[in-house]
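Colleague: Return a 3D structure for these sequence lines:
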Amino acid sequence: MKRSFFKYILYFIQAVFAFALQATPYLLPEIFGEKAVVLLPLALSVAFFEDESTAVIFGAFCGMAADLASCGNIGYFAISLTVICFVISVLSGYVKRNFLSALAAGAAAALLILLLHFVLYFAFSGYNYIMHFFLTHYMTRILYTLAFVPLFAWLNRRISKR
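Modeller: Predicted coordinates for the structure are as follows:
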């Protein structure tokens, strides 16, 4: 019981730190005017190593925090992270839970969430030069977010094992 409580405290501290990185101006450098969605790989890595209830709760918490930090449409990251974290948690029971499988699952899910975000909010909005916007802005955001996947996969694997 004491071990589980300590583990959840560490997850919460990571979430607060990731929220601060994402929401505070000039704390995390912008690359080509885009910032990473740091809470996304954090929630996905916790979901990979934890059970379904923890994954859903932590996914919803990180999703709401990501919505607040991005100052965009409230609800997208909360809903998508809750659903994807549940799916990852269920599917991770069928594979060996190691660093490489966590890395693959986290990268694939983060890519799916960010591509779906682009399609829903930009491709269907009737903007001109959608591919130019995707290549110059959104691709940077996706790659910058994916850069955090190995860090959180490694860290949360160690936390879940101890």
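Colleague: Could you use CA atoms for every contact and neighbour count after this?
Modeller: Will do.
Colleague: which residues does residue 76 contact?
Modeller: Contacts for residue 76 were tallied using CA atoms under 8 Å, 6 or more residues apart in numbering; they are 63, 67, 117.
Colleague: Please tell me how far it sits from residue 134.
Modeller: Residue 76 is 19 Å from residue 134, where distance means CA to CA, to the nearest Å.
Colleague: Likewise for residue 124?
Modeller: Look at residue 124 and residue 134: by CA to CA, they are 13 Å apart.
Colleague: More neighbours: these two, which one.
Modeller: For the pair residue 124 and residue 134, the greater number of neighbours falls to residue 134 (18 against 10), based on other CA atoms under 10 Å.
Colleague: tell me the SS of that one?
Modeller: Look at residue 134: counting by DSSP: H, G, I helix; E, B strand; the rest coil, its state is helix.
Colleague: And it, how far from residue 121?
Modeller: Using CA to CA, we find residue 134 at a distance of 12 Å from residue 121.
Colleague: Likewise for residue 58?
Modeller: Residue 58 is 25 Å from residue 121, by CA to CA.
Colleague: How about residue 108?
Modeller: 20 Å.
Colleague: For this structure, just list every one of the helices.
Modeller: Remark: helices assigned in the chain by DSSP state H are 2-23, 39-49, 52-70, 76-92, 99-121, 130-133, 139-146, 149-161.
Colleague: Make a markdown table out of those and add distance to residue 30 and mean pLDDT.
Modeller: Output for the helices of the chain, formatted as a markdown table (distance: least, CA to CA, whole Å; pLDDT from 0 to 100):
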| stretch | distance to residue 30 | mean pLDDT |
| --- | --- | --- |
| helix 2-23 | 10 | 89 |
| helix 39-49 | 16 | 93 |
| helix 52-70 | 13 | 91 |
| helix 76-92 | 20 | 93 |
| helix 99-121 | 17 | 89 |
| helix 130-133 | 16 | 83 |
| helix 139-146 | 9 | 89 |
| helix 149-161 | 18 | 90 |
